[in-house]
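Trainee: this is the structure alone, sequence omitted:
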């Protein structure tokens, strides 16, 4: 079963506009949620995280929102830049000492100049 | 500071052959992960080490996969014999000791394995 889902395989946004990437999860025991960015032929790089006890975390142009009741999180990128074009993975960590990371299938973001 | 180093970057083998991947984590990182990423999917954990101890290998297909992390530093992941379905990117990641607060995982560039 897919505990972390990214239902949009791709997204295109104009440069300067907002990019919104979405992620849904099923396990209410996840304690951290993360976003990673991946360029071709490179490993994923950490972007931003949020604890399950928070509902928002902001880092520069990147903001992650967590809606626990809906089991939904989103990543907002404002303003979007061509260099943001990459595959974005949502991930969730199981707590209680297991510390296993479950990744979504990724969303390919293309920022058009 | 050097990041996570993996070798080789690419490997093409015929089915039933053995193959090994090597990973050197960031200095000082106690936790080391091996992931497999199939095409169009996210990374899936194969095994996690805390120092030299494998603390989670529940997803490792033990009939053909093995891993070791001698001395708690670098690690090797082996497949013997390889099957067509093993074609994937094998990613290594490391972090400071896993704990109640989140410690960032740093990923290597991965090894792309093609089994013919």
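Mentor: Cool, got the structure. Model, not experiment: these values are computed from the prediction. Numbering: from 1, shown residues only, chains lettered A, B, ... in the order given.
Trainee: close to chain B: what parts of chain A are there?
Mentor: Contacts of chain A with chain B, taken as CB under 8 Å from any CB of the partner chain, map to A:4, A:32, A:34, A:36, A:41-46, A:49, A:51, A:89, A:91, A:93, A:95, A:98-101, A:103-106. No exception for glycine: its C-beta is placed from N, CA and C like everyone else's.
Trainee: restricted to buried residues, select these in ChimeraX.
Mentor: Here is the ChimeraX command that selects the buried residues among the residues of chain A next to chain B (16 or more other CB atoms under 10 Å in any protein chain shown):
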select /A:4,32,34,36,43,44,46,49,89,91,93,99,100,101,103,104,105,106
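Trainee: the residues of chain A next to chain B in strands, which ones?
Mentor: A:4, A:32, A:34, A:36, A:45-46, A:49, A:51, A:89, A:91, A:93, A:101, A:103 (DSSP state E).
Trainee: ok, of those, which one's closest to chain B?
Mentor: residue A:103 (3.0 Å; CB to the nearest CB).
Trainee: what residues of stretch B:83-96 count as buried?
Mentor: Quick answer for stretch B:83-96 (16+ other CB under 10 Å): B:86-95.
Trainee: next one: that stretch, is it in contact with chain A?
Mentor: Yes: counting by CB under 8 Å from any CB, chain A has neighbours in stretch B:83-96: B:91, B:93.
Trainee: where in chain A is pLDDT low?
Mentor: A:1 (pLDDT under 70).
Trainee: so where does the spatially most central residue of chain B fall, helix or strand?
Mentor: The residue lying closest to the centre of chain B (CA atoms, centre = their mean) is residue B:34, at 2.7 Å. Using DSSP states H and E, residue B:34 sits in strand B:31-37.
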